[in-house]
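J.: let's see this in three dimensions:
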Amino acid sequence: MPSIAAPTNYDETLTKIEKLQHSDLPAAINLLKTIESEFDTMSRSQQGRFLVFKGAASIYAGQYQAAIDMLSRSEALLKDSDMLFSAYSYEATAHIALRDFNDAFNAMGKSLGLIDRIDDINLKRASYLRLASLYSAMGIIEEVATYAAKAFALASLMMLKIFVYLNYIYPSTS
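T.: Below you'll find the predicted structure:
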């Protein structure tokens with residue numbers, strides 16, 4: 001009896017790719033390749049996520065224009081603020097690498113326009129660091145300090161939350 005392949009759970013696979021991009025990029029790229037041929041069977045949201053992850057992988061491979069093209073396509077497919085935020089931030093990164101500073105500012109503007117709706121401190125911090133990087137590439141040092149300080153403040157806030165949590169779980173006995 002012929003075996004029938006189980007349908008791909010795209011949300012599960014895309015979540016796995018998202019995690020692997022930060023720990024094992026080659027594995028993430030391999031997973032992207034395994035589902036790329038099924039792109040047309042994905043929902044619009046799944047297609048958007050796929051394009052964000054593939055765009056990010058293209059940045060790591062130095063294929064900046066290809067990344068920009070994919071990330072631009074993802075914008076029309078995404079409704080989730082976190083994913084849009086990531087798409088704009090990656091797009092800004094690719095424009096910075098190409099030294100297209102006007103386009104980088106436009107992408108960062110879109111990203112920062114969503115920042116109040118983002119709960120993930122790491123995403124916010126990364127966005128401020130990208131903006132600091134953009135100003136650095138342009139030689140505008142005063143602004144580098146402004147956005148680096150914002151990123152540092154978010155890192156400090158995160159550390160404070162961890163400290164409070166640990167003190168709650170392991171209270172001092174003295």
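
J.: neighbours of the closest residue to residue 151 other than its chain neighbours, how many?
T.: Of all residues not flanking residue 151 in the chain, residue 128 sits nearest, at 4.0 Å (CB to CB, 6 or more residues apart in numbering). C-beta coordinates here come from the backbone N, C-alpha and C atoms, glycine included. As a burial measure, residue 128 scores 22 neighbours (other CB atoms under 10 Å).

J.: quick check: pLDDT value at residue 128.
T.: If you check residue 128, the pLDDT there is 81.

J.: residue 153 now?
T.: Looking at residue 153, its pLDDT stands at 80.

J.: which non-adjacent residue is nearest residue 44?
T.: Using CB to CB, 6+ apart, the nearest residue to residue 44 is residue 77, at 4.7 Å.

J.: how close does that neighbour get to residue 47?
T.: Using CB to CB, to the nearest Å, residue 77 is found at 5 Å from residue 47.

J.: point me to the helix or strand that includes the residue positioned nearest the centre of the chain.
T.: Residue closest to the mean C-alpha point of the chain, counted by CA atoms, centre = their mean, is residue 86 at 3.5 Å. Element membership for residue 86, per DSSP states H and E: helix 81-97.

J.: elements contacting that helix?
T.: helix 44-60, helix 64-75, helix 101-113, helix 121-138 (3 or more CB pairs under 8 Å, 6 or more residues apart in numbering; DSSP states H and E).

J.: can I get these in TSV with distance to residue 22?
T.: TSV is the format used below for these (distance: least, CB to CB, whole Å):
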stretch	distance to residue 22
helix 44-60	10
helix 64-75	17
helix 101-113	18
helix 121-138	10
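
J.: who wins for proximity to residue 20 among the ones you listed?
T.: With CB to CB, the closest approach to residue 20 among these belongs to helix 44-60: 9.2 Å.

J.: list the buried residues in that closest one.
T.: For helix 44-60, a neighbour-count test (16 or more other CB atoms under 10 Å) marks 45-59 as buried.

J.: picking up where we left off before, closest to residue 19 out of the helices and strands packed on helix 81-97?
T.: helix 44-60 (10.6 Å).
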